[in-house]
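**Student:** need the 3D shape of this:
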Amino acid sequence: MKLARKVEAEVLKVYKAYWDAYLKGDMKTFASFLDDNISVFGTAVSEVFKNKKEALKFYKATAGQLVGKAQFRNRKIGVKKEGNNFLLNEQCDFYVLLDEKWTYYGQARVTSILKKAATGWKVIHQHASFPDMRADEGEQMAAEKIKAENLQLRDAVKRRTIELEEKNRELEIEAAVEKVRATALAMHRSEDIHEVVRTLRNELFGLKLEGIIGATICLKQDDGQVRLWDITDVDTTGRYGWDIVFDINEIDPRIWVKRIWDSRKKIIAIEQDSNDLKRTLKWLGQYDKKTADEITKLLRRIK
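**Tutor:** Presented below is the predicted three-dimensional model:
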């Protein structure tokens, strides 16, 4: 039997007022809607009550968990007349206030039976539950557990983000190495090493490695000499390229090329000061005086 709109509106108004009073902690108004013999079934195992007195005792004791901290959203309420009573079924999203932010808690399912008595509308049966087993005995919702779970989730997301960033970084480095390798394999003559150095320099810069200002490749020649190809970018002076051949045993042992060459380590960090730079420029000047002098003059200007 289809309900008249006026009757349905009246029932819904009472039902919503009942829940509004509950969520606001207005126990006097809330109690006025409860039938003396109401039966209540809640989420927790212990949340089963056979009368108004038992139900009110629990709701008054736990009201602080909900007042100003819970909301029903996206409510879908169905109303059906059953004899002299009205059956209401509701599904909605239940939100709780955690750290000043409304957080989705779960979907609420509520079944209520209302009747119109001489003293007004009364709720004679209520079954409200959430698909959540986090609430302990004496709790209506496990807000602190939700906070802990949210923190755990944020930590897990943070860890996963770091893992993905590290993995992406590894892939970037692998791709850069592969580009340099492909360029080297494409060489047909020694002069093509310039392109390898250029690719190496571009890939290093692309990886945004702190402190990288250039790229150098040194190869020992058949006659025992060493050939050096270098592209260096200096913010204050510009980009410079070198292609020189020298005897590694005849250069100053303090110059970075010699120090790296003599080292047996796979990775070595060389620190240089202004005196090291002067020595390097003096040495390079033997092979490319024009460029060495140009850099020296520019460095003097910016002092």
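
**Student:** how far is the longest helix along the chain from where the chain is centred?
**Tutor:** The single longest helix within the chain, with elements called by DSSP state H, is helix 143-185. Centre-to-centre, helix 143-185 and its host chain are 10 Å apart (C-alpha atoms, centre = their mean, to the nearest Å).

**Student:** quick check: next helix or strand after that helix?
**Tutor:** helix 193-206 (DSSP states H and E).

**Student:** and the angle for that next one with helix 143-185?
**Tutor:** Here helix 193-206 runs at an angle of 170 degrees relative to helix 143-185 (axes from the mean of the first three to the mean of the last three C-alpha atoms, to 10 degrees).

**Student:** other SSEs contacting helix 193-206?
**Tutor:** helix 143-185, strand 214-220, strand 226-234 (3 or more C-beta pairs under 8 Å, 6 or more residues apart in numbering; DSSP states H and E). C-beta coordinates here come from the backbone N, C-alpha and C atoms, glycine included.

**Student:** could you give me the average pLDDT of the first one?
**Tutor:** Summarised as a single mean, pLDDT over helix 143-185 is 82.

**Student:** what helices and strands are in contact with that helix?
**Tutor:** By 3+ C-beta pairs under 8 Å, 6+ apart, helix 143-185 packs against strand 85-98, strand 101-117, helix 193-206.

**Student:** who are the contact partners of residue 71?
**Tutor:** Going by C-beta atoms under 8 Å, 6 or more residues apart in numbering, residue 71 touches 23, 94-96, 102.

**Student:** repeat the analysis, applying 6 Å as the threshold.
**Tutor:** Neighbour list for residue 71: residue 95 [criterion: C-beta atoms under 6 Å, 6 or more residues apart in numbering].

**Student:** next one: phi and psi at it?
**Tutor:** Phi and psi for residue 71, reported as degrees, to the nearest 10, are phi -140, psi 140.

**Student:** pull up the gap between it and residue 18, please.
**Tutor:** Shown here: residue 71 relative to residue 18, a distance of 16 Å by C-beta to C-beta, to the nearest Å.

**Student:** who's sitting farthest from the centroid in the protein?
**Tutor:** Distance to the chain centre peaks in the chain at residue 118, reaching 58.1 Å (criterion: C-alpha atoms, centre = their mean).

**Student:** next one, pLDDT for that residue please.
**Tutor:** The model's pLDDT for residue 118 equals 92.

**Student:** cool, residue 108 as well?
**Tutor:** 88.

**Student:** now do it: how many residues are near it, please.
**Tutor:** 21 (other C-beta atoms under 10 Å).

**Student:** same thing with the one 4 residues further on?
**Tutor:** The criterion is other C-beta under 10 Å. On that basis, residue 112 has 23 neighbouring residues.

**Student:** can you list the domain ranges for this protein.
**Tutor:** 5-136, 208-301 (automatic domain parsing).

**Student:** compare the mean pLDDT across these and name the weakest.
**Tutor:** domain 208-301 (a mean of 84).

**Student:** check the offset of that domain from the chain's centre.
**Tutor:** 43 Å.

**Student:** which residues touch residue 239?
**Tutor:** By C-beta under 6 Å, 6+ apart, the contact set of residue 239 is residue 233.

**Student:** same thing but at 8 Å, please
**Tutor:** The contact partners of residue 239, taken as C-beta under 8 Å, 6+ apart, are 231-233.

**Student:** buried stuff in the helix or strand hosting it?
**Tutor:** Using DSSP H and E, residue 239 maps to strand 238-246. For strand 238-246, a neighbour-count test (16 or more other C-beta atoms under 10 Å) marks 240, 242, 246 as buried.

**Student:** strand partners (parallel or antiparallel) of that strand?
**Tutor:** For strand 238-246, the pairing partners within the sheet under DSSP bridges are strand 226-234 (antiparallel).

**Student:** C-alpha coordinates for the partner strand, PDB please?
**Tutor:** The C-alpha atoms that make up strand 226-234 are tabulated as PDB, following Å, rounded to 0.1, in the frame of the first residue of the first chain:
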ATOM      1  CA  VAL A 226      96.700   9.300 -22.400                       C
ATOM      2  CA  ARG A 227      94.000  11.100 -24.300                       C
ATOM      3  CA  LEU A 228      91.500  13.200 -22.400                       C
ATOM      4  CA  TRP A 229      88.200  14.500 -23.600                       C
ATOM      5  CA  ASP A 230      86.300  16.900 -21.300                       C
ATOM      6  CA  ILE A 231      83.300  19.100 -21.300                       C
ATOM      7  CA  THR A 232      83.000  21.400 -18.300                       C
ATOM      8  CA  ASP A 233      80.200  23.900 -17.400                       C
ATOM      9  CA  VAL A 234      81.100  26.600 -15.000                       C
END
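
**Student:** ok and it relative to strand 214-220, angle-wise?
**Tutor:** Computed with the same axes, to 10 degrees, the direction of strand 226-234 lies at 180 degrees from that of strand 214-220.
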